[in-house]
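[1] Turn this into a structure:
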Amino acid sequence: VQLVESCGGSVQAGGSLRLSCKSSGLTFDQYCMAWFRQAPGKEREGVAAISTGADTTYYSDPVKGRFTISRDNTKSALYLQMDSLKPEDSGTYYCAAVYGIGARLDTEYTYWGQGTQVTVS
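    Numbering: from 1, shown residues only. Down below sits the predicted model:
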């Protein structure tokens, strides 16, 4: 199984980025997907999750109203649209997969990508 994140980068506060995660080796539409992030010196935190059929999403409070998680099961791809970015959104962003549950962050995810860096200044 591989999860590969892309499209991180550097942006000024107030700007936008759209992260992508491409999966291979798993039956994508059977997995709940999520984005996590980790800033230097801080614990990893959940950002957003989406159910297998994309009918349910969940966001952590710090990103609610600014970030949008989506998926395209035909492309085995996960996305995170990040708007109104703040310096505190900086960190390494990871996509993760867990088999067959609804959109939630408070569970053990099975597969992880290697991360993509986001810097907001």
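
[2] Going by C-alpha atoms from here, please, whenever you check contacts or count neighbours.
    Noted.

[3] Pick out the residue closest to the middle of the protein.
    For the chain, the residue nearest the mean C-alpha position is residue 35 (2.2 Å; CA atoms, centre = their mean).

[4] in what helix or strand does that residue lie?
    Residue 35 is part of strand 31-38 when elements are defined by DSSP states H and E.

[5] Give me the sheet partners of that strand and which way each runs.
    Using DSSP bridges, strand 31-38 pairs in its sheet with strand 45-50 (antiparallel), strand 91-99 (antiparallel).

[6] what about it, average pLDDT?
    If you average the pLDDT over strand 31-38, you get 97.

[7] Dump the C-alpha coordinates for that strand into PDB.
    Presented in PDB, the C-alpha positions along strand 31-38 are these (Å, rounded to 0.1, in the frame of the first residue of the first chain):
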ATOM      1  CA  TYR A  31     -11.300   3.100   3.300                       C
ATOM      2  CA  CYS A  32     -12.100   6.100   5.400                       C
ATOM      3  CA  MET A  33      -9.500   8.700   4.600                       C
ATOM      4  CA  ALA A  34      -8.100  11.600   6.700                       C
ATOM      5  CA  TRP A  35      -5.500  14.300   6.900                       C
ATOM      6  CA  PHE A  36      -3.200  14.800   9.800                       C
ATOM      7  CA  ARG A  37      -0.500  17.400  10.500                       C
ATOM      8  CA  GLN A  38       2.500  17.800  12.700                       C
END
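
[8] what does that strand contact?
    Here strand 31-38 makes contact (CA atoms under 8 Å, 6 or more residues apart in numbering) with 44-52, 78, 80, 91-105.

[9] quick one on the thing from earlier: got the strands paired with strand 31-38 as a markdown table, with mean pLDDT columns?
    Below are the strands paired with strand 31-38 laid out as a markdown table (pLDDT from 0 to 100):
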| stretch | mean pLDDT |
| --- | --- |
| strand 45-50 | 97 |
| strand 91-99 | 97 |
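
[10] And the ones you listed: which comes nearest residue 29?
    strand 91-99 (9.3 Å; CA to CA).
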